[in-house]
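here is a sequence with its predicted model. Questions after.
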Amino acid sequence: MKATGVCRNVDQLGRIVIPKELRHTLGMKIKDPIEYFLDGHQIILRKYQSTCEFCDARNNLIELHRKKVCSSCANELAALIRT
């Protein structure tokens with residue numbers, strides 16, 4: 001992990017500000033969805049990326065009934081239907 005030297009207080013509503021420099025470095029824009037993870041006593045924030053419902057792939061996603069499926073899994077499903 002890389003220290004940034006930035007420290008922020010939690011406000012009365014439980015919010016913190018992600019500094020502009022960090023948002024810019026990570027390619028985060030206003031209203032981008034952010035994922036939260038717990039790792040022991042650490043909170044990890046990551047810009048949300050859609051993944052395949054079956055294999056968690058992040059590339060070549062298509063949407064079917066509001067679910068994301070990668071092209072590889074879509075091909076496997078199509079092959080199952082054909083048999």
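Ah, there it is.

please enumerate the strands of this protein.
Ranges of strands in the chain, per DSSP state E, are 34-39, 42-47, 61-64, 67-70.

return the most buried member of these.
Each of the strands of the chain was assessed for mean neighbour count using mean count of other C-beta atoms under 10 Å. The highest is strand 67-70, with a mean of 17. No exception for glycine: its C-beta is placed from N, CA and C like everyone else's.

contact partners for the residue nearest the centre of the chain?
With distances taken as C-alpha atoms, centre = their mean, Tyr48 lies nearest the centre of the chain, 2.1 Å away. Neighbouring residues of Tyr48 by C-beta atoms under 8 Å, 6 or more residues apart in numbering: Asp32, Pro33, Ile34, Glu35.

can you tell me how far it sits from Leu22?
16 Å (C-beta to C-beta, to the nearest Å).

one more: Gly5?
In terms of C-beta to C-beta, Gly5 sits 11 Å off from Leu22.

list of residues touching the top helix by length along the chain?
Identified as the longest helix of the chain according to DSSP state H is helix 71-82. With contacts defined as C-beta under 8 Å, 6+ apart, helix 71-82 is touched by Cys52, Glu53, Phe54, Cys55, Ala57, Asn60, Leu61, Ile62, Leu64, Val69.

show me what counts as buried in that helix.
Cys73, Ala74 (16 or more other C-beta atoms under 10 Å).

mean confidence for stretch 37-45?
Confidence over stretch 37-45 (mean pLDDT, whole number) is 92.

tell me the gap between it and the middle of its chain.
14 Å (C-alpha atoms, centre = their mean, to the nearest Å).

any idea how far apart the tips of it sit?
6 Å (C-alpha to C-alpha, to the nearest Å).

okay if I get the strands of the chain as JSON lines plus distance to Asn9?
Shown next, in JSON lines, are the strands of the chain (distance: least, C-beta to C-beta, whole Å):
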{"stretch": "strand 34-39", "distance to Asn9": "18"}
{"stretch": "strand 42-47", "distance to Asn9": "15"}
{"stretch": "strand 61-64", "distance to Asn9": "38"}
{"stretch": "strand 67-70", "distance to Asn9": "37"}
